[in-house]
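S.K.: The amino acid sequence is not available; the structure is as follows:
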């Protein structure tokens, strides 16, 4: 029992990181109806940047987010503006999916050139410290990561619900044509929305780099997990994504602790299969789609 | 259905068929005329990719369901072949080729329920589901150690062919698979199945509402496609005689098929072959010369982006349009 609760605690914390990674993906899908297969690669890219900043100049990984996020924002905006916007409209969904896959391959290739394929982890002094809370072990990094996730997600929510930019994003999500008629520059909103999605990868990457070891290939591990989370939550639903990330985090952590770590990844696929069979639109797909 | 436009040239209406026969003859003679084994190896992989791309085109091109998970079926074919022969002797060396058809059918039998679930979703989600399936199969290949040997891989008996002509049987096996894939593709295009698939690609709901058996058409196309893909995996496994999970079930293989089909022209008979004959030799040659996989990743990415932005319909349809327009002007 103790073991299961411990795994559950770990699962919640891990779920927070997944929520952070997947929220960018959901945002991008919501705004542009683009499944971004490069989200995992963006996370890994941010993890490498954060690792380099830490090893070269001793920049704390959590602080490095402040440096990396603008870079990722610029990269995301550029990808959308230069590569996705000019695509033909007839089958934009398919073409943009493949272009984001190409972006993922490009990032992987560039990272392999720059860093080779050996695994690394960002290890600041506090990485192994942990607290005991009513008998359960809670890693400091994981807790801080969870807090960072909450802050980022909260900020994202505020941005979307309380600002003018957020309102135009939501308008674009709900009905691009009507939004354009009312004076929203949907093309610009889409590019900025993509940039925003990429910027969340900065926070996710910095955290990922401390919690897991990674190499340029790691985005393949991430992408299927992120996609499972996003589908379970219902594509385009931010709230659904957070709930789904927690469910998946807990499920995989429990499987890892009680069955075997090699099968913990598998819980993602089993849940995904069940969702597709029982409720293809995901947990919150129908109700919250467009509401974000 | 889609015939070559305008005049048929000096060979009349048999032009395309004759051209295909000549191309086939050249491909048959190629390994006999070329003495350098590495060239035959490049030919072998080019034919493999041409067969894979043609097979992918049945689902991704004609029906408009972009599967990113075909590498999973390739890997299943490879593992089935390797596991079946791992404790047997290859004898004259031709035995392992005869187990390919049953393996292709068996993998297709596994693929049908997968496709049935996956095809409840459309374009982008379908792509997600299939790529996730690919990672499921890869995880299984790593984890089911009793069956697949896990990360250590599976070894097959090495074929007892003479070193100088070692590649030839594999080359011809791949050529046979390409002919099979093209025959399927041709047959589908000139049948009710092809019409049904085109209707599915155009507007699946409307097609269903006027009585097109969309479910059966999609599953048939998927099964045909998987038969060829799995058999190619089997030949590949036998050629290498040693397979590992990360190479047998490789997302790059999936994306390679997609890239070749998009480059050549999806939904056309010859487009995938053209794409494969452009990309695969370049890729093999680069790997042979430089052995640098990161360059090949960057080249893939760049080529992909260029194709999507400049000619999203692929080379053949774009070219065909140009010719048609030039003729109209003349």
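M.R.: Looks like it arrived, so ask away. This is a predicted model, so every value here is computed, not measured. Numbers count the residues shown, from 1 in each chain, chains lettered A, B, ... in the order given.
S.K.: quick one: residue B:69 and residue B:131 touch, right?
M.R.: Yes - the criterion here is Cβ atoms under 8 Å, and residue B:69 meets it with residue B:131 at 5.7 Å. Quick note: C-beta positions are derived from backbone N, CA and C, even for glycine.
S.K.: Need the overlap of contacts for these two.
M.R.: Common contacts of residue B:69 and residue B:131, defined by Cβ atoms under 8 Å, 6 or more residues apart in numbering or on different chains, comprise residue B:254.
S.K.: Show me what the helix ranked longest in chain B is packed against.
M.R.: Longest helix of chain B, by residue count under DSSP state H: helix B:214-240. Packed against helix B:214-240, as judged by 3 or more Cβ pairs under 8 Å, 6 or more residues apart in numbering or on different chains; DSSP states H and E, are the following elements: helix B:37-56, helix B:70-85, helix B:95-98, helix B:100-118, helix B:168-189, helix B:192-209.
S.K.: Taking helix B:37-56 as reference, get the angle to the fifth one.
M.R.: Looking back up the chat, that one is helix B:168-189. Counting by axes from the mean of the first three to the mean of the last three Cα atoms, to 10 degrees, helix B:168-189 points 20 degrees away from the direction of helix B:37-56.
S.K.: buried ones in helix B:168-189?
M.R.: Buried residues in helix B:168-189, defined by neighbour count with 16 or more other Cβ atoms under 10 Å in any protein chain shown: B:168-182, B:184-185, B:188-189.
S.K.: State the mean pLDDT of it.
M.R.: On average, the pLDDT along helix B:168-189 is 92.
S.K.: what does the third one give?
M.R.: The predicted model assigns helix B:95-98 a mean pLDDT of 85.
S.K.: counting contacts, what elements does it pack onto?
M.R.: Packed next to helix B:95-98, using 3+ Cβ pairs under 8 Å, 6+ apart, are helix B:70-85, helix B:214-240.
S.K.: among the ones you listed, which is the most enclosed?
M.R.: Sort the helices and strands packed on helix B:95-98 by mean neighbour count, taking mean count of other Cβ atoms under 10 Å in any protein chain shown, and helix B:70-85 sits at the top with a mean of 27.
S.K.: do it and chain A meet at all?
M.R.: No - using Cβ under 8 Å from any Cβ of the partner chain, helix B:70-85 stays clear of chain A, with a minimum separation of 11.6 Å.
S.K.: orientation of that helix relative to helix B:37-56 in degrees?
M.R.: Using the same axes, to 10 degrees: helix B:70-85 against helix B:37-56 is 120 degrees.
S.K.: Contacts only, for the residue nearest the centre of chain B.
M.R.: Geometric centre of chain B, nearest residue: residue B:52, 0.7 Å, by Cα atoms, centre = their mean. Contacts for residue B:52 (Cβ under 8 Å, 6+ apart) come out as B:70, B:74, B:228-229, B:232, B:253, B:256-257, B:276.
S.K.: Now do it against chain A, distance only.
M.R.: Residue B:52 sits 17 Å away from chain A, going by Cβ to the nearest Cβ, to the nearest Å.
S.K.: Contact residues of the stretch 101-250 of chain B facing chain A?
M.R.: Taking Cβ under 8 Å from any Cβ as the contact definition, the stretch 101-250 of chain B meets chain A at B:117-118, B:120-121, B:123-125, B:127-129, B:131-133, B:135-136, B:139, B:142-143.
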